Structure formats: structure tokens, C-alpha cells
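Visitor: Give me the fold of what follows.
(2 chains, ligands or ions: 2)
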Amino acid sequence: MIREFSSADVLFIMSAARWTLILSAIAFLGGAIGGLSIALARTSHGKWLRRIAAWFIQVFQGTPLLMQLFLVYFGLAVVGLPINPLLAAAVALTLHASAYLGEIWRGAIEAVPSGQTEAATALALSYPDRMRHVVLPQALRIATAPTVGFLVQLIKGTSLASIIGFTELTRAGQIVNNATFKPFLVFGTVAAIYFILCWPLSLLARHMETRMRRAITR
Amino acid sequence: MTEHAIIMRDVNKFYGAYHALVDVDLTVERGERIVICGPSGSGKSTLIRTINQLETIHSGTINVDGVELTAGGDNVAKVRQDVGMVFQSFNLFPHMTVLENCILAPMKTRKTPRAEAEQTARHYLERVKIPEQADKYPAQLSGGQQQRVAIARALCMKPRIMLFDEPTSALDPEMVKEVLDTMIDLAREGMTMLCVTHEMDFARAVADRVIFMDKGMIVEQGAPDVFFNNPQNERLKNFLGQIA
Ligand SMILES: Nc1ncnc2c1ncn2[C@@H]1O[C@H](COP(=O)(O)OP(=O)(O)OP(=O)(O)O)[C@@H](O)[C@H]1O
Ligand SMILES: [Mg+2]
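Guide: Ligands and ions are numbered 1, 2, ... in the order given. Sure, this is the predicted structure:
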């Protein structure tokens, strides 16, 4: 039975957008912690730390996010650890974000002139103090625009969670479309909501990039 | 406590296969002011950077103010607290004000309370003659001012030894003097100083000893009048001819 596309459907889709945001937030926060660890490991003096971090980045950047999602969701179920779709999506997206943010921030840390670390070292500052007070604040400025850019990718990437049955924005659209069979209307609405979420961030990233470029050439 | 500020024995350093320091022996007395010169690539920077372990060494020993650098433990941290360094490119922290640049290390490594650290910082900014710039950012200062801030920042740690690596080479000519004057003041107060510089007037005015390096070796050294007026080594004669 096919019914009309009603305002209730719009509300249903909009409330599912909440899960898209929650999933994005979890993945971004988890990815920030993981990414910082990866970036610090990549720029450390420990040979094995650097290697392990590089390997982590290569694996997660070199395989499709969807496969990572399947591996976490179905893989864990097979070994007797069934987890719910939200948790699976959160774990997979966090790993994915850790790899990408780790690589972005590694580049930013390396872009801070080595003289900064040398001066801080000569002042007897410890590694944590050097990072916290000297290197990371400068790296952060360099990394802000690409980080916001990645956040946009991440929000769109959460749509893959629909495939393992997690009802976020995309999956809500599929459910409504199955009942109403108004694909243009339904997925148009869904796409519009993604756009409303992502567009301001894209603008922000571009704005910060120009500001950054101006700061460098000054 | 020894009476020597620095004792380097048989120090060797390699960058890959390149032998950057060759059997370097150097003893620096307390309060001694040493100028190091030599052609580009001769190992001057490498030499002074081993004293605060910005560069590790492959063999030999370095003793700084009675602390054996190569003995491990927290000796390196101890030595770095007592050794200040000034770089050619200033290396001020651009995201911090002048005052913040000066108080960071005392607060973090010496655990000095903020009020006291600020007081010390203002004192040294006064001494390098830029007290009014305390709340500016490095980018708002001239090169000469930035370098004087860098000197004040190092002094805020109350070091017993100061290392200078070509502190005036990146400066416009009209700013060289203000930085050299600051260094001369410091020398007059009895600071132990090792300066890599090609400012030979500075060497004549304040150095107790001038060292000439070539190919990673200390080739010749002596008091300025002997060093400049009666050089023995051919390469030194050549070098002095070029920079004069
Ligand atoms: N990090 C490094 N890796 C490889 N080689 C290096 C490194 N640092 C210095 N060297 C080499 O070691 C030699 C000595 O360098 P150093 O910087 O000590 O010379 P310098 O006397 O200070 O020269 P300059 O007057 O140009 O500053 C040079 O040949 C240089 O190319
Ligand atoms: Mg040098």
C-alpha cells in the first residue's frame, strides 16, 4: 500500500537527522582523540610508534569505509560479539576519522618550523609542554581549515551506516520512500538536509583557508 | 662543583656518513667569553648545539657545569635549564606575546609562580631595552627587537652559560649594533658565553678566546690579539683575509 508523503514523514526524516549529527559528533570526537594520538606517534622519535601509526593510516585510508563498517558490524557478530548498529557505525567511523585526522594533523605538526621545537627544547621545556604550548597551538591554526573540510566528508560518510540498518538521515529517507514511493521528493528532502548541515561548514572551511593564506603571506 | 663551565673531550659527531665533529676537545672556564668562527659547514653550529644536546654525539664526553651530559637520566634536562641559547632566526613563539614568550619556560620548568616570572621577564626586557614591547606579538617587532626578546627570554631562565648561533646574521645592518651591544653588556656582567659569529669587532672587544673551526675540527685558537694579528694556520689566514 502506497501512502502520501506527508508532513509526518518530513518530521520523521528531520528527527532522524539528529542521529546523523550524533553519529558525526561521536566519530569526530573519537577521531580527534585517535587522530591526535596517531599524529603524535607519526611525529615521534620512536621508530616503532611511527611505523604502527603509518600502518594504521595506510590500512584505513586504503580500504573503503563501507568495508570497515561491515567488518566491525558483521565481523564482530561472527566472533560472538554482536553489537548494535549505532555502536558499530560509531566504532568504524571513529577509526576512519582517526586515520584521516591523524594524517591531516601530522602534516600540520610537521609544517611548524623546526626552530620552534628547537627553541622550546633549548628552554628545557619537556616534550608535553613543547607540544601543548608551542607546537600544537601553531599546528592547530594550520590544520583548522582541512579539519573542518574533513568534518563535512564525515557527516556525509555517516550515510553508509544506513546499510547496516541504523536509522539516520539516509535510512529514514529509504523507509519513507518505501512507503510513499516518491523518490524525488523524499531523497530531495534528505539531500537538502545534508546540504543545510554541510554547507555552512564548507563556507567556514573556505573562509578559514583564505584567512590562513593571508596570515602566511603577511 | 668544578671550576670549568664546559669540558668536551674527544667529541665525535656524524650526520650519516658525514663526520661533522672530529675529536673535538674544548674546555671553557667560568665567565669565559669565546667566539667561534670558520667557513660555512665547518661544524660551528653543530659544536655549540651538542652543549645543550640539540645534537647528540657519537663518542666522547661533555661535562657542563659539573653535570655529565652523556650519563643519561635527567642530566640533559638539568643542563638545558642552565644553558640559554639564541638562534640566528630568533625562533620566538609567534602565537604568544613577548611577555608570554619570556615566562613560559620559567613557569613550566622552574615552576616559578606567574607573578614572579612576569617580574623577572620585565626586568630582563628592561635590560635589553624594550620594556615597552612586552604585550606585543613578535611579528609586530623589528628583527633587532625580536632578537633582543630572544636574549631576554633565554635570560629569564637564569642560565649560567649562553650560546649564540650567529645571532646577527639574519639582521639588517642597522640592527646589528643593538643586538651586539646587548651581548656586550651581558659579557661585561661575567656571563659565560660561546658565540658563533663573524662579527670580528665583537670578538676583539669582548672575547677572551677566539676559536677557528674547519672541517669539523678546532684548527686554531687564541686570545684575539694573537689570533687576529699572528694567525698560524693557512686556512685561518685565508679566512681572515676573506672576511676582513
Ligand atoms: N641535520 C643534518 N643532517 C645532515 N647533515 C647536516 C645536518 N646538520 C648539519 N649538517 C652538515 O654538517 C656540517 C656542519 O654543519 P654546521 O651547521 O655545524 O656548520 P656551520 O659551521 O654552522 O655552518 P654555517 O656557517 O653555514 O652555519 C655541514 O656540512 C652540514 O651540511
Ligand atoms: Mg651554523
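
Visitor: what about B:Met162, helix or strand, and which?
Guide: Here B:Met162, judged by DSSP states H and E, is contained in strand B:161-165.

Visitor: Could you list the low-pLDDT ranges of the chain?
Guide: With no chain named, the answer covers chain A. A:1, A:215-218 (pLDDT under 70).

Visitor: Switch to chain B, please.
Guide: In chain B, residues with pLDDT under 70: B:1-2, B:244.

Visitor: 80 instead, please
Guide: Applying pLDDT under 80 to chain B picks out residues B:1-3, B:71-73, B:243-244.

Visitor: ranges for the strands of it?
Guide: Listed in chain order, the strands of chain B (DSSP state E) span B:4-15, B:18-29, B:33-37, B:59-64, B:67-68, B:83-86, B:161-165, B:192-196, B:209-214, B:217-222.

Visitor: Can you say which of these is nearest to B:Ala152?
Guide: strand B:83-86 (10.1 Å; CB to CB). For glycine as for every other residue, the C-beta is placed from the backbone atoms N, C-alpha and C.

Visitor: What lies in contact with that closest one?
Guide: A:119, A:122, B:48, B:51-52, B:54, B:64, B:147, B:150-151, B:154-155, B:157, B:159-165, B:167 (CB atoms under 8 Å, 6 or more residues apart in numbering or on different chains).

Visitor: Emit the PyMOL select command for whichever of those residues are buried.
Guide: Typed into PyMOL, the line below selects the buried ones among these, using 16 or more other CB atoms under 10 Å in any protein chain shown:
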select buried, (chain A and resi 119+122) or (chain B and resi 48+51+52+54+64+147+150+151+154+155+157+159+160+161+162+163+164+165+167)
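
Visitor: I'd like to know how many residues surround A:Ile83.
Guide: Neighbour count of A:Ile83, defined by other CB atoms under 10 Å in any protein chain shown: 14.

Visitor: where's the closest residue in space to it that isn't next to it in sequence, which helix or strand?
Guide: Setting aside the residues directly before and after it, A:Ile83 is nearest to A:Leu76 in space (CB to CB, 6 or more residues apart in numbering or on different chains), at 5.5 Å. In the assignment (DSSP H and E), A:Leu76 maps to helix A:76-78.

Visitor: Quick one: distance of that helix to the chain centre.
Guide: 24 Å (CA atoms, centre = their mean, to the nearest Å).

Visitor: So which bits of that helix are buried?
Guide: Of the residues in helix A:76-78, none is buried (16+ other CB under 10 Å).

Visitor: who touches it?
Guide: A:82-83, A:88.

Visitor: can you list the residues of chain B near chain A?
Guide: Chain B comes close to chain A at residues B:52, B:54, B:77, B:80-81, B:83-85, B:87, B:89, B:91-95, B:104-105, B:108-109, B:139, B:150, B:153-154, B:157, as judged by CB under 8 Å from any CB of the partner chain.

Visitor: Would you show me how to pick out the buried ones of those in ChimeraX?
Guide: With 16+ other CB under 10 Å as the criterion, this ChimeraX line picks the buried residues out of the residues of chain B next to chain A:
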select /B:52,54,80,81,83,84,85,87,89,91,92,93,94,95,104,105,108,109,150,153,154,157
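
Visitor: which ones among the residues of chain B next to chain A are found in helices?
Guide: Of the positions in those, B:77, B:80-81, B:104-105, B:108-109, B:150, B:153-154 sit in helices, assigned by DSSP state H.

Visitor: Just list the residues touching residue 158, thanks.
Guide: Just so you know, I chose chain A. Contacts of A:Thr158 by CB under 8 Å, 6+ apart are A:20, A:23-24, A:27, A:89, A:93, A:168-169.

Visitor: I was after chain B.
Guide: Here B:Lys158 is in contact with B:Thr120 (CB under 8 Å, 6+ apart).

Visitor: The residue most central in space within chain B and B:Leu47, how far apart?
Guide: Nearest to the geometric centre of chain B sits B:Leu163, at 1.4 Å (CA atoms, centre = their mean). Distance of B:Leu163 to B:Leu47, given as CB to CB, to the nearest Å: 10 Å.

Visitor: Could you name every residue contacting both of those two?
Guide: If you check B:Leu163 and B:Leu47 against CB under 8 Å, 6+ apart, no residue is contacted by both.

Visitor: And for residue 12, the neighbour number?
Guide: By default, I'm working from chain A. A:Phe12 has 16 nearby residues by other CB under 10 Å.

Visitor: not quite, I wanted chain B
Guide: Per other CB under 10 Å, the neighbour tally for B:Asn12 reads 15.

Visitor: Likewise for A:Leu36?
Guide: A count of nearby residues for A:Leu36, using other CB under 10 Å, gives 17.

Visitor: Closest one of the contacts of helix A:76-78 to A:Gly149?
Guide: A:Ala88 (25.7 Å).

Visitor: In terms of helices and strands, where is the closest one?
Guide: Here A:Ala88 is assigned to helix A:85-111, by DSSP H and E.

Visitor: and that helix, what other elements does it pack with?
Guide: Judged by 3 or more CB pairs under 8 Å, 6 or more residues apart in numbering or on different chains; DSSP states H and E, helix A:85-111 is in contact with helix A:7-42, helix A:47-61, helix A:65-70, helix A:136-157.

Visitor: Now tabulate those in CSV and tack on distance to ligand 1.
Guide: Output for the helices and strands packed on helix A:85-111, formatted as CSV (distance: least, CB to the nearest ligand atom, whole Å):
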stretch, distance to ligand 1
helix A:7-42, 20
helix A:47-61, 18
helix A:65-70, 39
helix A:136-157, 21
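
Visitor: quick one, which of those is nearest to B:Leu26?
Guide: Of these, nearest to B:Leu26 by CB to CB is helix A:47-61, at 32.3 Å.

Visitor: same for the closest one, what does it pack against?
Guide: In terms of contacts (3+ CB pairs under 8 Å, 6+ apart), helix A:47-61 is packed against helix A:7-42, helix A:85-111.

Visitor: and the nearest residue to A:Glu118 once chain neighbours are set aside, what are its phi and psi?
Guide: Of all residues not flanking A:Glu118 in the chain, B:Leu54 sits nearest, at 5.8 Å (CB to CB, 6+ apart). For B:Leu54, the backbone dihedrals are phi -70, psi -20 (criterion: degrees, to the nearest 10).
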